[in-house]
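S.K.: here you go, sequence then predicted model.
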Amino acid sequence: MKIELNVTRGSLSEARRQSYQPWDLFRITNLVSPRDWLISLTFDAENRNHLAITPSPKLTDRELMRLLDGRFAGVYAADEIRLELSTGHWKVDALSQTTADSRATYFEAAELQTTAHGQLLLCGYRPPHDLQAPQRCSAWFAGNTWLGSRKYESRTYIVAVDVFGTPVRVSPSSLAPGRLEEPCLVTSTTLLCSGRPVGEARLEFSPQTVSPHTVLRHALFGQFDPQVFLPGFWREINPHHHGLRIELDSGHIEWMTSTGPHDHHRLAKLLKTLVKQVHNCVLPSDKYCAFLNQAIRLERIAAARRLTQRQARAQRAPKVYVGNTVLCNIPTCENELVALYMKLEASGRLPAPLECHVLEYTAKQGIDALADFRLSPTAALSRWAPVEFEHHLENYFTHQHPPEQTALIICWDRGSDELGQEVCCPTEFPWLWTLLAEDRNIPVVMLREVNTLAVKGETS
């Protein structure tokens, strides 16, 4: 018996070498209407992998021949193929026949006297290394097959993958891809091509979504990246950056192969049509405007909740006092340290005899500030000198600032005790230290040690 191909044997072999991935074989489930699948991986007596594929209901002879006609190179990613037809059981030695004649557009199938395990048996198949991981298996089927589609999530289909006795069961209801939270707008629009309806698009908008943030998929063939076909797609159709899920359900199967989009130009035209329809029909509608108002209200409620939590944390946090006056909370980051310093400078509460006036500040890459300063009345004034702010002094080394570009460091404390006195040395003033960095002595103002400041409410 001959199995006719729409490509040459050599091109199948080349396609496998260039783009085939072991997981791609399971896209076989996309080539026929959704049904149950049992996929079992075992060893034979010669220690070869055998992958048995049993759909229920079984594939017709025509469906099986269509699967083997070359449009799906993944099925030939094995040394030998055995199949069950209404006329009996057959074997195709794909590897040796391709080697013998790479230009042929058919495979010879020899009849088997024994029964094959499964309607399709691939001998010598090399499985993905993480096939036995349930989460990885479920995620792959959700993203690459009809199992992740909203269209089928209420059905009772099962894909069971048994790897050397370890079963993994995947069903549409167990995947719950990209669950959207309230308030949620669910709507649909007819897909048109050249003025003719070619399918439907289901759209779900939500200001919140668990994962992922945006999804574009085909109901049968799984997810794909619209940026490949239509740059700026999400910005055009989703200007408010809500959670967005679009599922195309189109009967134009020629636009797709089992591995995803086939004709990029046609698919780009389809997406542009969809964008135009969404703009013209969905976004200006009263339903969408009401949803948008709900979304804005929800975001403001969430912002108010975050503000309340922030206020509670701020009230509980330790405070920095000057006498009985609260200056601020104890700094927990560099920005808060800068804010504390600026208050001290503006109120004239810097420790004597320090004189410092910050003239320019930026949190961008490089040294933070430029300032006029001197550390004692007898010292010359350093003008427009580079000053670095650090929450903890040890961060100066973490951030890899060049010592030759640092005239002064202002920090809250040392951080950990890893900076020994051979690196960080005290001076006659408790708030003034000297940091040794690459044979340079850099003066350090440590605000935690200023004796006019007190920290209250701090737990040990």
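M.R.: Ah, there it is.
S.K.: output the longest helix belonging to the protein.
M.R.: Counting residues, the longest helix found in the chain (DSSP state H) is helix 286-316.
S.K.: just the buried positions in that helix, please.
M.R.: Within helix 286-316, the residues that count as buried by 16 or more other C-beta atoms under 10 Å are 288, 291-292, 295, 298. Heads up, the C-betas are built off the backbone N, CA and C, glycines and all.
S.K.: distance check, residue 300 against residue 207.
M.R.: Per C-beta to C-beta, to the nearest Å, residue 300 is found 11 Å from residue 207.
S.K.: actually residue 366, sorry about that
M.R.: Taken as C-beta to C-beta, the span from residue 366 to residue 207 is 38 Å.
S.K.: likewise for residue 437?
M.R.: For residue 437 relative to residue 207 (C-beta to C-beta), the value is 48 Å.
S.K.: more neighbours, these two?
M.R.: Set side by side, residue 437 and residue 207 show more neighbours around residue 207, with 22 against 17, by other C-beta atoms under 10 Å.
S.K.: so the more buried one sits against residue 295, correct?
M.R.: Yes: in this structure residue 207 lies within contact range of residue 295 using C-beta atoms under 8 Å: 4.1 Å.
S.K.: show the low-confidence segments of the stretch 151-300 of the chain, by residue range.
M.R.: 173-183, 208-213, 226-235, 237-241, 252-264 (pLDDT under 70).
S.K.: in the stretch 351-460 of the chain, where is pLDDT below threshold?
M.R.: 459-460.
S.K.: farthest pair within the buried residues of helix 286-316?
M.R.: Comparing every pair within the buried residues of helix 286-316 by C-beta to C-beta identifies 288 and 298 as the most remote, at 15.1 Å.
S.K.: that older thread, and the longest helix of the chain, what does it pack against?
M.R.: strand 185-193, strand 196-206 (3 or more C-beta pairs under 8 Å, 6 or more residues apart in numbering; DSSP states H and E).
S.K.: now it: how far from the chain's centre is it?
M.R.: 25 Å (C-alpha atoms, centre = their mean, to the nearest Å).
S.K.: buried stuff in whatever helix or strand comes next after it?
M.R.: Moving toward the C-terminus from helix 286-316, the next helix or strand (DSSP states H and E) is strand 319-322. Within strand 319-322, the residues that qualify as buried are 319-321, counting by 16+ other C-beta under 10 Å.
S.K.: got the buried residues for whichever helix or strand comes after strand 319-322?
M.R.: Next along the chain after strand 319-322, taking DSSP H and E as the criterion, comes strand 325-329. For strand 325-329, burial by neighbour count (16+ other C-beta under 10 Å) applies to 327, 329.
S.K.: what does stretch 55-71 give?
M.R.: 55, 59, 64, 67-71.
S.K.: ditto for stretch 192-207
M.R.: Result for stretch 192-207 [16+ other C-beta under 10 Å]: buried residues 198-207.
S.K.: so residue 416 sits against residue 394, correct?
M.R.: Yes: using C-beta under 8 Å, residue 416 is in contact with residue 394, at 6.0 Å.
S.K.: who has more neighbours, these two?
M.R.: Comparing residue 416 with residue 394 by neighbour count (other C-beta under 10 Å), the higher total belongs to residue 394, at 19 against 9.
S.K.: next, give phi and psi for the residue of the chain positioned farthest from its centre.
M.R.: Computed with C-alpha atoms, centre = their mean, the residue of the chain farthest from its C-alpha average is residue 378, at 58.9 Å. Note on residue 378: its backbone torsions stand at phi -90, psi -10 [degrees, to the nearest 10].
S.K.: what separation do you get for it and residue 427?
M.R.: Distance, residue 378 to residue 427, by C-beta to C-beta: 15 Å.
S.K.: also residue 436?
M.R.: On the measure of C-beta to C-beta, residue 436 and residue 427 end up 13 Å apart.
S.K.: neighbour-wise, which of those two wins?
M.R.: residue 436 (15 against 12).
S.K.: could you find the closest non-adjacent residue to the more buried one?
M.R.: residue 423 (5.3 Å; C-beta to C-beta, 6 or more residues apart in numbering).
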